[in-house]
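**Q** structure, please.
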Amino acid sequence: MTRSRRLLVLAVAVLLLGGLAAALVLRSAARAEQTHEGDPTVARGRVLLGQPNRLAFLNGAKGPHRGALVSVPGQTPQAERTASGLTCQRFHASAGTGVCLNSSPGALAQDNKAVIVDSDLRTLHSFPLAGTPSRARVAPSGHFTAWTVFVAGESYGAAFFSTRTTIVDTRTWAVEPDLEKFSIVLDGRPYSSGDVNFWGVTFSKDDDTFYATLGTAGQTYLVKGSISRRSVTTLAQNVECPSLSPDETRIVYKKRVMRGASLWREHVMDLRTLRDQPLAEKRSVDDQALWLDDRTVAYALPAEGAPDTTDLWTVPADGSGAPRLLTPAASSPTRLG
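**A** Here you go, the predicted model:
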């Protein structure tokens with residue numbers, strides 16, 4: 001076969017493969033837009049982050065608004081959903097400021113970015129992400145936002161993964177690109193290691209203090225950090241994806257219940273005593289839970305029979321009661337107003 005003929009065959013093969021890939025993408029998109037009887041009702045409308053007494057989350061129901069930020073009345077979370085034009089993989093908001101982590105197909109790889117939006121969901125600033133979106137939080141004041149991405153691996157249960165966690169001041173757009181640059185005090189001593197990872201930031205109201213997970217040497221730790229001092233100190237072991245309560249006295253977090261296995265159980269820890277309480281949810285939760293109020297936490301679990309979708313559940317924060325379905329086909333909840 002001549003060189004020119006080989007090039008022609010190669011060109012045809014590339015075109016055929018490209019056409020097949022495009023067809024698969026279109027087929028997948030068409031399937032995603034198919035709705036089914038019993039799916040939540042979703043209608044396009046206006047979503048405002050300052051609306052009081054409403055709950056926002058990412059819509060997982062099939063149809064044209066899949067992945068969109070939607071809102072519902074806080075007291076009737078299974079009511080018709082009002083869908084915005086903003087689509088995300090992760091979302092959180094506070095004090096009229098939101099952070100949306102999204103991914104879109106690129107020429108050679110996914111285009112991942114963090115978009116900071118105002119109360120009307122208008123873009124204020126965007127930042128490229130170094131990997132796959134994982135966690136997102138906004139400080140109670142709206143003055144800081146944080147996100148975690150997977151630089152390597154795609155699960156906290158993987159044998160190996162690497163994360164990058166960034167904090168941004170939304171007033172000045174000053175960026176702390178990687179918490180791994182912060183100084184670490186572990187068990188009372190300065191600590192440094194090449195395997196350090198941080199993930200799951202949650203902020204205090206003072207615009208300086210935060211909590212997060214530190215992973216190193218096969219262990220995970222709850223750390224308390226200071227943005228101004230660029231430092232963190234470990235408080236307790238076996239704590240992942242903490243979320244600070246509205247009264248700032250407790251965190252809800254996922255605790256690994258079997259070493260070497262991707263099984264976690266939701267616990268609440270008293271930050272004054274560091275004593276923890278398992279919650280009534282006994283299924284494995286791989287999420288950064290959200291406090292709906294000082295008594296109730298919400299979290300996502302895979303939907304039964306639909307592994308690519310999650311449902312939102314709630315459970316009392318004192319270990320009593322039983323899990324309750326908040327709303328189906330949803331993720332990334334946040335209280336508005």
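**Q** for S94, which non-adjacent residue is closest in space?
**A** V138 (4.3 Å; Cβ to Cβ, 6 or more residues apart in numbering). In this view, the C-beta of every residue, glycine as well, is placed from N, C-alpha and C.
**Q** doesn't V99 make contact with the one you found?
**A** Yes: applying Cβ atoms under 8 Å, one finds V138 in contact with V99, separated by 5.6 Å.
**Q** any common contacting residues for these two?
**A** The contact sets of V138 and V99 overlap at H92, A93, T145 (Cβ atoms under 8 Å, 6 or more residues apart in numbering).
**Q** just after the helix or strand of the chain with the lowest mean pLDDT, pick out the following helix or strand.
**A** Counting by mean pLDDT, DSSP states H and E, the chain has its least confident helix or strand at helix 3-32, which shows a mean of 44. Moving toward the C-terminus from helix 3-32, the next helix or strand (DSSP states H and E) is strand 42-44.
**Q** can you list the buried residues in that next one?
**A** Under the neighbour-count criterion of 16 or more other Cβ atoms under 10 Å, strand 42-44 has V42 buried.
**Q** so what strands line up beside that strand?
**A** strand 81-87 (parallel) (DSSP bridges).
**Q** which parts of the strand it pairs with are buried?
**A** By neighbour count on 16+ other Cβ under 10 Å, the buried set for strand 81-87 is R81, T82, A83, S84, L86, T87.
**Q** how about the residues you listed in JSON lines, adding pLDDT?
**A** Output for the buried residues of strand 81-87, formatted as JSON lines (pLDDT from 0 to 100):
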{"residue": "R81", "pLDDT": "98"}
{"residue": "T82", "pLDDT": "98"}
{"residue": "A83", "pLDDT": "98"}
{"residue": "S84", "pLDDT": "98"}
{"residue": "L86", "pLDDT": "98"}
{"residue": "T87", "pLDDT": "97"}
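**Q** so which of the residues you listed comes closest to Y211?
**A** L86 (27.5 Å; Cβ to Cβ).
**Q** centroid residue for this structure?
**A** R135 (3.1 Å; Cα atoms, centre = their mean).
**Q** can I assume that one sits in a strand?
**A** Yes: judged by DSSP: H, G, I helix; E, B strand; the rest coil, R135 forms part of a strand.
**Q** what is the burial count for the residue lying closest to it once chain neighbours are set aside?
**A** Nearest residue to R135, sequence neighbours excluded (Cβ to Cβ, 6+ apart): T148, at 4.1 Å. Neighbour count of T148, defined by other Cβ atoms under 10 Å: 30.
**Q** just R189 next, same as before
**A** Residues lying near R189 (other Cβ under 10 Å) number 8.
**Q** against T233, how distant is it?
**A** Distance of R189 to T233, computed by Cβ to Cβ, to the nearest Å: 11 Å.
**Q** go on, P73?
**A** Applying Cβ to Cβ, the value for P73 to T233 is 41 Å.
**Q** low-confidence stretches in the stretch 201-337 of the chain?
**A** Where the stretch 201-337 of the chain drops to pLDDT under 70, the residues are 259-261.
**Q** ranges for the strands of it?
**A** Ranges of strands within the stretch 201-337 of the chain are 209-216, 219-226, 231-237, 240-244, 250-256, 264-270, 276-278, 290-291, 296-303, 306-316, 324-327, 330-336, based on DSSP state E, counting those that start in this stretch.
**Q** can you point out the buried residues in the second one?
**A** By neighbour count, and taking 16+ other Cβ under 10 Å as the criterion, the buried residues in strand 219-226 are T220, Y221, L222, V223, K224, G225, S226.
**Q** tell me the one of the residues you listed nearest V252?
**A** Closest approach to V252 among these (Cβ to Cβ): L222, at 11.7 Å.
**Q** now Q288: phi and psi?
**A** Torsion angles at Q288 (phi, psi; degrees, to the nearest 10) stand at phi -100, psi 100.
**Q** which residue packs closest to it, ignoring adjacent ones?
**A** With Cβ to Cβ, 6+ apart as the criterion, Q288 has its nearest non-adjacent residue at 4.0 Å, and that residue is C241.
**Q** I figured that neighbour hits D287, correct?
**A** Yes: in terms of Cβ under 8 Å, C241 counts as a neighbour of D287; the distance is 6.9 Å.
**Q** which neighbours do those two have in common?
**A** Common contact partners of C241 and D287 (Cβ under 8 Å, 6+ apart): K254.
**Q** in TSV: the buried residues of strand 219-226, plus distance to K205.
**A** Output for the buried residues of strand 219-226, formatted as TSV (distance: Cβ to Cβ, whole Å):
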residue	distance to K205
T220	25
Y221	23
L222	19
V223	18
K224	14
G225	15
S226	14
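**Q** export the buried residues of strand 81-87 as CSV, with columns for distance to S126.
**A** Shown next, in CSV, are those (distance: Cβ to Cβ, whole Å):
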residue, distance to S126
R81, 25
T82, 24
A83, 21
S84, 17
L86, 12
T87, 14
